[in-house]
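Enquirer: Predicted model, plus sequence, below.
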Amino acid sequence: MSPERFIDLVRAEQESLRRFLLALCGGNAQEADDIAQDALIRAYVASGSFLGLSKFSTWLFRIAYNCYIDNHRKARPEMVGTDAPAALNVRASEETDAAFRYQQLYQALDRLSEKEKAAIVLHYFEDRSIKEIASILQIPQGTVKYHLSTGRNHLKSLLQ
Amino acid sequence: MKNNNDIESFLRENRPQVEDNPAFLLEVRQKMRAVEGIKSEVDRQRDYGRTALVCALVLGMLAGALAMLLAYMYPVDTEAISDGVISAIRLFIDPWKQYLMIPVAVCAVALSVLLGAGGRKTAGI
């Protein structure tokens, strides 16, 4: 794959990819962007092995998720606090309740298991189908449904 | 939040917003260029190693052929100058002489494989 073609494909996916990682990283935009860059470089190096058996975005998200897991294993991020970077993503001029909702959401997401969190983020923030999520997380579709169900239940109790 | 619809709407309404970052793709491009540089350097080193190996094999075979040619063209009485060493070597090799072509054949196959691999790479296969 030529660098130009790769950049064109990445340009179309970068916002979605960064949002996915931002949610996984509890709102830490710097960490999310670092992982996104790492994932994109890994994808570029491996782009010769992309056979087109799945969509490019699914393949890219799978690499990004694996990068996130590697990064997360190396250093478990701190729990989101009131002054965590999540709050910095909301402009000061915006309503405080929006900032509070983001904080609440990131804190709740951080309490879920990795698979639950990824399934919830991909399904509700990125509108990915169960089949795509299964391909990204490399788990069966039934397991994705299970994680979505348990993730929703956990979030319900956490966001009471 | 009492039911699934509440939590689903809450999640969809609070989708995180990413800030526009023009430097993001620029940094990716820079890193891609660095990767390309590393890849071309690795390829260059591999080509250099392969060329050196092919040269060594070719030179070895040419030197061997030249030595044989000279030996046939200018035969000398080796026994007189080697003090019986060559006779001893000849006697040692004699039972195995039919296998002497095996290492030569192995070198020839290695050479053809290396040249073939180099040719396929040049053709972009």
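Expert: Everything's here; your move.

Enquirer: okay, CA-based contacts and neighbour counts for the rest of this
Expert: OK.

Enquirer: for residue A:48, helix, strand, or coil?
Expert: helix (DSSP: H, G, I helix; E, B strand; the rest coil).

Enquirer: ok, and the closest non-adjacent residue to it?
Expert: Once flanking residues are discounted, residue A:48 sits nearest to residue A:1: 6.3 Å by Cα to Cα, 6 or more residues apart in numbering or on different chains.

Enquirer: do residue A:37 as well
Expert: Per Cα to Cα, 6+ apart, closest to residue A:37 is residue B:28, 6.2 Å.

Enquirer: so who does the spatially most central residue of chain B touch?
Expert: In chain B, the centroid-proximal residue (Cα atoms, centre = their mean) is residue B:50; its distance is 5.1 Å. By Cα atoms under 8 Å, 6 or more residues apart in numbering or on different chains, the contact list for residue B:50 reads residue B:114.

Enquirer: Just to check, residue A:120 is in contact with residue A:151?
Expert: Yes - if you go by Cα atoms under 8 Å, residue A:120 and residue A:151 touch, sitting 6.7 Å apart.

Enquirer: More neighbours: which of these two?
Expert: Using other Cα atoms under 10 Å in any protein chain shown as the criterion, residue A:120 and residue A:151 rank with residue A:120 on top: 29 against 21.

Enquirer: Residue B:19: what secondary structure?
Expert: Applying three-state DSSP: residue B:19 is coil.

Enquirer: Kindly tell me how buried the residue of chain B found nearest chain A is, as a neighbour count.
Expert: Residue nearest to chain A within chain B (Cα to the nearest Cα): residue B:15, separated by 5.3 Å. Using other Cα under 10 Å, the number of residues around residue B:15 comes to 17.

Enquirer: I'd assumed residue A:125 was in contact with it.
Expert: Yes - applying Cα under 8 Å as the test, residue B:15 and residue A:125 come out as touching, 5.3 Å apart.
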